[in-house]
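[1] Here's a sequence, model it:
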Amino acid sequence: MKFKTKRYIVKRKHAFQFAFYGIQELVKESHFRIHVLAAGMVLIMAIVLRINVLEWVFCVLSIGLVLFSEAMNSAIETICDLVMPQRHPMVKRIKDIAAGAVLISSVTAAMVGLIIFVPKLYLWVREFFLLVK
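    Numbers count the residues shown, from 1 in each chain. Predicted structure coming up:
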């Protein structure tokens, strides 16, 4: 039993190492870095505007959805480039569909952001101008 437990722990350790290596590779992708930068700005706005717990949940899930879809898009593009380095209509179709998934998740996240932040920004700007008067 002891041997199986140690082997299980070693396997989990390796699984995490591979996952972190994957994240290191992902960070090299310019589009992923852009999404991370946008996520950082959203998180800063969330802190400044003091959003509530439910709004935090929606923001975090939206950010996760966009980062996940960008990761899958990068993986799909890498596989396509490996399998078919030259241009091919089916590879283009696959890449376009994957990019479309990123667009769908990004637009969805933007809509969530607008629903959460626009009313708060409106109140913040209104309050600012009332103080200036």
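
[2] all strands of this protein, in order?
    Remark: strands of the chain are absent; assignment by DSSP state E.

[3] measure residue 112 to residue 34 for me?
    18 Å (Cβ to Cβ, to the nearest Å). Heads up, the C-betas are built off the backbone N, CA and C, glycines and all.

[4] Could you check which of these two is surrounded by more residues?
    Neighbour count, other Cβ atoms under 10 Å: between residue 112 and residue 34, residue 112 has more, with 18 against 11.

[5] residue contacts, the more buried one?
    Going by Cβ atoms under 8 Å, 6 or more residues apart in numbering, residue 112 touches 58-59, 62.

[6] Equivalent analysis for residue 83, please.
    Residue 83 neighbours (Cβ under 8 Å, 6+ apart): residue 91.

[7] any idea how far it lies from residue 91?
    For residue 83, the distance to residue 91 - Cβ to Cβ - is 8 Å.

[8] swap in residue 67?
    Residue 67 sits 24 Å away from residue 91, taking Cβ to Cβ as the criterion.

[9] so how many other residues sit close to residue 21?
    Count around residue 21 with other Cβ under 10 Å applied: 10.

[10] Next up, the contacts around it.
    Not one residue lies near residue 21 by Cβ under 8 Å, 6+ apart.

[11] Residue 127 versus that one, what's the distance?
    In terms of Cβ to Cβ, residue 21 sits 48 Å off from residue 127.

[12] same question, residue 26
    Here residue 26 is placed at a distance of 40 Å from residue 127 (Cβ to Cβ).

[13] between these two, which one's more packed in?
    Taking neighbours as other Cβ under 10 Å, residue 26 and residue 127 compare with residue 26 leading, 17 against 10.

[14] Name the helix or strand of this protein that has the lowest mean pLDDT.
    Using mean pLDDT, DSSP states H and E, the weakest-scoring helix or strand in the chain turns out to be helix 2-27, at a mean of 88.

[15] List the buried residues of it.
    residue 26 (16 or more other Cβ atoms under 10 Å).

[16] Report the contact partners of the spatially most central residue of the chain.
    Taking Cα atoms, centre = their mean as the criterion, residue 67 is the residue nearest the geometric centre of the chain, at 1.8 Å. Applying Cβ under 8 Å, 6+ apart, we find residue 67 in contact with 32, 35-36, 39.
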